[in-house]
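Peer 1: Give the three-dimensional model of this entry:
(chains A and B)
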There are 2 protein chains.
Amino acid sequence: MRDAYPSRQGTTAETLPRQDAIAYAPWHAHAPLTREQHAAFERDGFLVLRNLFDAEEVAALKTEMASLLNDPSGLEDETVVREPKQDLVRSIFRIHAQNALFHRLAADGRISRIIRHLLDDDVYVYQSRLNYKPGFGGQEFYWHSDFETWHTEDGLPRMRTISASILLTDNTPLNGPLMLIPGSHRNFIQCRGETPENNYRTSLRKQEIGVPDQHTLTRLADEAGIVPATGKAGTVVLFDCNTLHGSNGNITPDPRSNAFFVYNAMSNQVTEPFAATSPRPHFLAERGSVTAVTPVEGRITRHRAMPKAA
Amino acid sequence: MRDAYPSRQGTTAETLPRQDAIAYAPWHAHAPLTREQHAAFERDGFLVLRNLFDAEEVAALKTEMASLLNDPSGLEDETVVREPKQDLVRSIFRIHAQNALFHRLAADGRISRIIRHLLDDDVYVYQSRLNYKPGFGGQEFYWHSDFETWHTEDGLPRMRTISASILLTDNTPLNGPLMLIPGSHRNFIQCRGETPENNYRTSLRKQEIGVPDQHTLTRLADEAGIVPATGKAGTVVLFDCNTLHGSNGNITPDPRSNAFFVYNAMSNQVTEPFAATSPRPHFLAERGSVTAVTPVEGRITRHRAMPKAA
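Peer 2: Okay, the predicted model is just below:
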């Protein structure tokens, strides 16, 4: 198979045009988002849905998160990632498969119906995580395209994947919000270097491979600006897998927490990595027998049991 | 001499009321700032003076800064501080004594006359520096009161010292602007621990001693909020030596540069350190024969020679 998006091939770092659709279906009157929202997602590569979850739902999710951070002993070891300089939990991966409430959240119709519409396919959860991002020194995430990593290291074939970040705390410009470069999803920025073995063990803490060069970042930011996805807790940010994004560190006392779900089209399941010797583990990219998400309607409440495995 | 502001005495970390004035003279009709500005400085512990320097003056200062960063070989070695993780210059200290243009800037009447009024005394430059704060990973400065360090490590007796930051690039909420906690100058927050020998060699890169505890910071930020001192290049931020401040890192492409001058009242010159075995070097705190600043009127232009030493 010819590689539509070659990267990490040594010293080359060119900007290649995107080969794939952004929204795979046109907007129509029964679509689960407005015409303007549909157009904004296509144009910018992201969409902010303010206050999609109400205060009670956010409270339920935060209580659940606090109890997981407080006692992560029931979780698979490898899914718990800590801050580089502190012993604080930074992220818990595969949260949709380990916790009933976040399993329910991943299927929430307010998000999953929009994703299914935009990707025009059944979808499954490719990756999920809780990001705690503590105050008083939560670390930055440097600029990157998720697709570049997922393609080279997981074998994700095409750009038919959308992420949803559900804000669990207020995200202000000062507490290290997600920052995006509008329109950056329209091109694929090749990255220099080769993938070291088990790169994910360090890249989850601090990404050094698979990042665009400074010259290209400067040009894109000059042309399109940088948009912080700020909002109250309960706001949801959807973004295309190839939109360049990053976040600054956070010395304020306020944590910048979110639940994060990546939805991939069933027709776009992973193959072998395009530029790594072996694929990353399942908790970073589901592979094998994956289950399509069935949208669930209604509000989020606590106290539910995990559904039995199919 | 009884220590009015004991700190780094082991495990104690109390909040003590300020013993000193904030503005040492009342406002009057001939004061070089408005009644509202005077009141704001007293209330908040800082004052933002928007666009005090015009675009041509900023351009002259930036050209000079670029030439110093490009070739720091003419500068005293010890005054050039680099980023922890990169070889980029982070700060150049004692810039007012090493460069004619920044010597002129330090004396600029638009700043120095306000400082002289607020401190009601002749003033001298206690410390000066150029902060480059590069894009793509400039590091954070954690929360601190400058006075706490200057008192314990330099022997600065009382709170009669004001800093001026002259923004040389646009400071936005996203490129790691100075953040201040309004009203925090009204109390002295004791810090835990003792001062290691030559602490300044690491604290200029990353401060770990002389920082307030998280509980106190959370309380102060909850009560008063956190204000980013954003503004266009040419804006000046004045702040009291005891106002808690810090800044996040900066992954954006845009550097966050400023020229920074600390003015101390002639009547408040340093003694022996209050909680360190030996004082920090002169480039961090002038001591001995210091020279009062004579305010200079008029606009900033390039091409000037250093005045002969007195």
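Peer 1: What is the neighbour count of residue A:46?
Peer 2: Using other Cβ atoms under 10 Å in any protein chain shown, residue A:46 has 25 neighbouring residues. Just so you know, the C-beta spots here come from the backbone N, C-alpha and C atoms, and that holds for glycine as well.
Peer 1: Now it. Nearest residue, chain neighbours left out?
Peer 2: Leaving aside its sequence neighbours, residue A:46 sits nearest to residue A:239 (Cβ to Cβ, 6 or more residues apart in numbering or on different chains; 3.8 Å).
Peer 1: again with residue A:136
Peer 2: Sequence neighbours aside, residue B:214 is the residue nearest to residue A:136 in space, at 5.5 Å (criterion: Cβ to Cβ, 6+ apart).
Peer 1: Likewise for residue A:55?
Peer 2: Per Cβ to Cβ, 6+ apart, closest to residue A:55 is residue A:234, 6.9 Å.
Peer 1: Let me know the distance separating that neighbour from residue B:293.
Peer 2: 52 Å (Cβ to Cβ, to the nearest Å).
Peer 1: List the residues that contact the residue nearest to residue A:46.
Peer 2: For residue A:239, the contact set (Cβ atoms under 8 Å, 6 or more residues apart in numbering or on different chains) comprises A:45-47, A:162-163, A:165, A:180, A:185, A:245.
Peer 1: That one: helix or strand, and which one exactly?
Peer 2: strand A:236-240 (DSSP states H and E).
Peer 1: now the helix or strand just after that strand: mean pLDDT?
Peer 2: Per DSSP H and E, strand A:236-240 leads on to strand A:245-247 as the next helix or strand towards the C-terminus. Regarding strand A:245-247, the rounded mean pLDDT is 96.
Peer 1: who does strand A:245-247 pair up with?
Peer 2: strand A:141-144 (antiparallel), strand A:179-180 (antiparallel) (DSSP bridges).
Peer 1: how about the residues of chain A near chain B?
Peer 2: Contact residues, chain A versus chain B (Cβ under 8 Å from any Cβ of the partner chain): A:136-137, A:140, A:142-143, A:173-174, A:176, A:179, A:214, A:217-218, A:221-222, A:226, A:228, A:246-254.
Peer 1: Now, of these, which are buried?
Peer 2: For the residues of chain A next to chain B, a burial check counting by 16 or more other Cβ atoms under 10 Å in any protein chain shown picks out A:136-137, A:140, A:142-143, A:173-174, A:176, A:179, A:217, A:221, A:226, A:228, A:246-254.
Peer 1: Okay, and which of these map to strands?
Peer 2: Those of those mapping onto strands are A:142-143, A:179, A:228, A:246-247, per DSSP state E.
Peer 1: Tell me which two of these sit farthest apart.
Peer 2: A:142 and A:228 (15.8 Å; Cβ to Cβ).
Peer 1: so what's the backbone phi/psi at the nearest residue in space to residue A:252 that is not next to it in sequence?
Peer 2: Distances taken as Cβ to Cβ, 6+ apart put residue A:175 closest to residue A:252, at 4.9 Å, once the chain neighbours are dropped. Taking degrees, to the nearest 10, you get phi -110, psi 40 for the backbone angles of residue A:175.
Peer 1: what's near enough to touch residue A:175?
Peer 2: Residue A:175 neighbours (Cβ under 8 Å, 6+ apart): A:135, A:169, A:250, A:252, A:254-256.
Peer 1: ok, so of the residues you listed, who is nearest residue A:126?
Peer 2: Closest to residue A:126, out of all of those and judged by Cβ to Cβ, is residue A:256, at 22.9 Å.
Peer 1: pretty sure that closest one is in contact with residue A:171, am I right?
Peer 2: Yes. Residue A:256 lies in contact with residue A:171 (Cβ atoms under 8 Å); the separation is 5.7 Å.
Peer 1: Quick check: neighbours shared by these two?
Peer 2: What both residue A:256 and residue A:171 touch, as defined by Cβ under 8 Å, 6+ apart, is the set residue A:177.
Peer 1: Show me where the stretch 101-250 of chain A has its helices.
Peer 2: Taking DSSP state H, counting those that start in this stretch, the helices of the stretch 101-250 of chain A run over residues A:109-119, A:146-149, A:200-203, A:214-224.
Peer 1: May I see the ones you listed arranged in TSV, with mean pLDDT as well?
Peer 2: Listed next are the helices of the stretch 101-250 of chain A as TSV, based on pLDDT from 0 to 100:
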stretch	mean pLDDT
helix A:109-119	98
helix A:146-149	96
helix A:200-203	65
helix A:214-224	95
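Peer 1: Out of the ones you listed, which is the most enclosed?
Peer 2: Mean neighbours per residue, mean count of other Cβ atoms under 10 Å in any protein chain shown, is largest over the helices of the stretch 101-250 of chain A for helix A:146-149, with a mean of 24.
Peer 1: The one residue in the stretch 51-200 of chain A that gets nearest to chain B and residue A:230: what is the separation?
Peer 2: Nearest residue of the stretch 51-200 of chain A to chain B: residue A:173, at 3.4 Å (Cβ to the nearest Cβ). According to Cβ to Cβ, residue A:173 stands 6 Å off from residue A:230.
Peer 1: Can you lay out the helices of the stretch 101-250 of chain A as CSV showing distance to residue A:288?
Peer 2: What follows is these, written out as CSV (distance: least, Cβ to Cβ, whole Å):
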stretch, distance to residue A:288
helix A:109-119, 20
helix A:146-149, 20
helix A:200-203, 18
helix A:214-224, 35
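Peer 1: May I ask which of the contacts of residue A:239 has the most neighbours?
Peer 2: In the contacts of residue A:239, the most neighbours by other Cβ under 10 Å go to residue A:162, 29 neighbours.
Peer 1: give me the number of residues near residue A:278?
Peer 2: Counted with other Cβ under 10 Å, the neighbours of residue A:278 add up to 11.
Peer 1: low-confidence ranges in the stretch 151-300 of chain A?
Peer 2: A:199, A:201-208 (pLDDT under 70).
Peer 1: repeat for the stretch 1-150 of chain A
Peer 2: Looking at the stretch 1-150 of chain A by pLDDT under 70, you get A:1, A:83-87.
Peer 1: now the strands for it?
Peer 2: A:15-17, A:46-49, A:80-82, A:89-93, A:123-131, A:141-144 (DSSP state E, counting those that start in this stretch).
Peer 1: Pick the most buried one from these.
Peer 2: Highest mean neighbour count among the strands of the stretch 1-150 of chain A (mean count of other Cβ under 10 Å): strand A:123-131, with a mean of 24.
Peer 1: For it, which strands pair with it and how are they oriented?
Peer 2: Strand pairing for strand A:123-131, using DSSP bridges, gives strand A:89-93 (antiparallel), strand A:258-265 (antiparallel).
Peer 1: Nearest to residue A:283, out of the strands paired with strand A:245-247?
Peer 2: Among those, the nearest to residue A:283 by Cβ to Cβ is strand A:141-144 (18.2 Å).
Peer 1: Turn the strands paired with strand A:123-131 into TSV, columns for distance to residue B:301.
Peer 2: As requested, the strands paired with strand A:123-131 are exported to TSV (distance: least, Cβ to Cβ, whole Å):
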stretch	distance to residue B:301
strand A:89-93	50
strand A:258-265	50
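Peer 1: That concludes my questions; thank you for your assistance.
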